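In: any chance you could fold what I've pasted below:
(one chain, ligands or ions: 1)
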Amino acid sequence: MTVVTPNTTTDKSPNLQERENTAVMVQLQSVTKTYANGSNALLDVNLEVKQGNFLFITGPSGSGKSTLLKLLYGEELATQGTVIVDRCNITSLRGDRLSLLRRRIGIVFQDYKLIPQRTVAENVTVVLQAQGYTRKEIQRRLEPTLKLVGLLTKSECFPDQLSGGEQQRVSIARAIVATPPLLLADEPTGNLDPDNSWQVIQILQKLNSFGATVIVTTHDEQLVRRCNHPIVQVNNGRLCQYYS
Ligand code: ADP
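Out: Predicted coordinates:
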């Protein structure tokens with residue numbers, strides 16, 4: 001289960017006991033992020049996500065959701081506090097060690113970030129090539145990954161031959177092809193209609209059922225309500241509500 005700790009708790013129910021025994025995948029301790037222009041994106045945030053959880057982070061635009069994810073994959077550094085991902089203190093990682101941790105994190109963005117002049121298959125395998133996987137291993141991983149996202153028949157298409165939903169599924173395939181234990185999705189349904197949004201969430205749920213820890217930011221309250229996952233709400237840089 002996910003434990004969010006704006007305040008300490010004395011609840012020692014069996015459920016909580018169970019949570020305490022599961023390894024922690026992500027931990028933010030008193031994290032504040034102030035950008036160079038003085039903008040306070042996050043204020044004294046505490047959050048703990050256990051291995052194998054699926055967490056939604058909701059909140060209005062500008063509340064700090066993307067910043068929170070950026071701190072988790074080292075795109076931004078916390079101004080104060082500690083960020084621990086997969087047992088590594090990301091606040092003190094640089095260079096190769098940060099690159100190695102990033103290989104254990106799959107990231108999905110709202111705007112897909114596909115390479116336009118590469119096919120679906122190439123967009124997915126480019127990650128593995130960059131990480132030095134053998135040709136054989138790349139081939140071994142490609143087919144089941146495309147199958148999982150329902151794009152096996154589109155592997156030779158280019159991004160501009162795909163719908164928005166399909167493009168997002170390519171970007172999910174790229175994020176998961178190296179089987180990272182942590183998957184971060186920043187507004188993955190932001191550009192999609194309700195049907196395609198639901199398809200994307202179902203794929204993320206399937207990955208979660210295979211064991212990946214999944215953290216999804218969204219401002220789509222309806223989508224969140226359709227699922228039965230813990231939700232953290234961010235407002236003006238503070239984690240203000242938690243529903244499990
Ligand atoms: P959300 O993802 O909820 O829309 P963000 O994390 O993108 O929110 O932004 C939180 C706050 O930080 C906003 O006020 C935004 O303007 C500010 N912010 C985000 N990125 C930067 C940046 N690179 N430089 C300065 N301010 C930023």
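In: and the gap between the spatially most central residue of the chain and Ile176?
Out: Nearest to the geometric centre of the chain sits Leu184, at 0.7 Å (C-alpha atoms, centre = their mean). Between Leu184 and Ile176 the computed distance is 11 Å (C-beta to C-beta, to the nearest Å). In this view, the C-beta of every residue, glycine as well, is placed from N, C-alpha and C.
In: residue contacts, the residue nearest to the centre of the chain?
Out: Leu69, Leu72, Tyr73, Ile105, Gly106, Ile107, Val108, Ile215, Val216 (C-beta atoms under 8 Å, 6 or more residues apart in numbering).
In: which residues do Leu184 and Ile176 both contact?
Out: Gly106.
In: for the ligand, what are the nearby residues on the protein?
Out: Contact residues (C-beta under 6 Å from any ligand atom) of the chain with the ligand: Tyr35, Asn37, Ser39, Ala41, Gly59, Ser61, Gly62, Ser63, Gly64, Lys65, Ser66, Thr67.
In: farthest pair in those?
Out: Asn37 and Gly59 (20.6 Å; C-beta to C-beta).
In: of the two, which one has the most company?
Out: Neighbour count, other C-beta atoms under 10 Å: between Asn37 and Gly59, Gly59 has more, with 23 against 5.
In: wait, Val49 touches Ala23, no?
Out: No. The pair Val49 / Ala23 is not scored as a contact, 10.6 Å apart, by C-beta atoms under 8 Å.
In: those two: which is more packed in?
Out: More crowded of Val49 and Ala23, by other C-beta under 10 Å: Val49, with 26 against 10.
In: pop out the phi and psi values for the more buried one.
Out: The phi/psi pair for Val49 (degrees, to the nearest 10) reads phi -120, psi 120.
In: same check, this time on Ile201
Out: Dihedral angles for Ile201 - degrees, to the nearest 10 - are phi -70, psi -40.
In: just give me the neighbour total for it.
Out: Neighbour tally, Ile201, other C-beta under 10 Å: 25.
In: show me what contacts it?
Out: Thr189, Val216, Leu223, Arg226, Cys227.
In: is the third one in a helix, a strand, or coil?
Out: The reference is to Leu223. Assigned state for Leu223: helix (three-state reduction, DSSP: H, G, I helix; E, B strand; the rest coil).
In: what about it, how many residues close to it?
Out: Leu223 has 19 nearby residues by other C-beta under 10 Å.
In: what separation do you get for it and Gln110?
Out: 14 Å.
In: can you check the fourth one too?
Out: Here Arg226 is placed at a distance of 19 Å from Gln110 (C-beta to C-beta).
In: likewise for the second one?
Out: Using C-beta to C-beta, one gets 11 Å for the distance from Val216 to Gln110.
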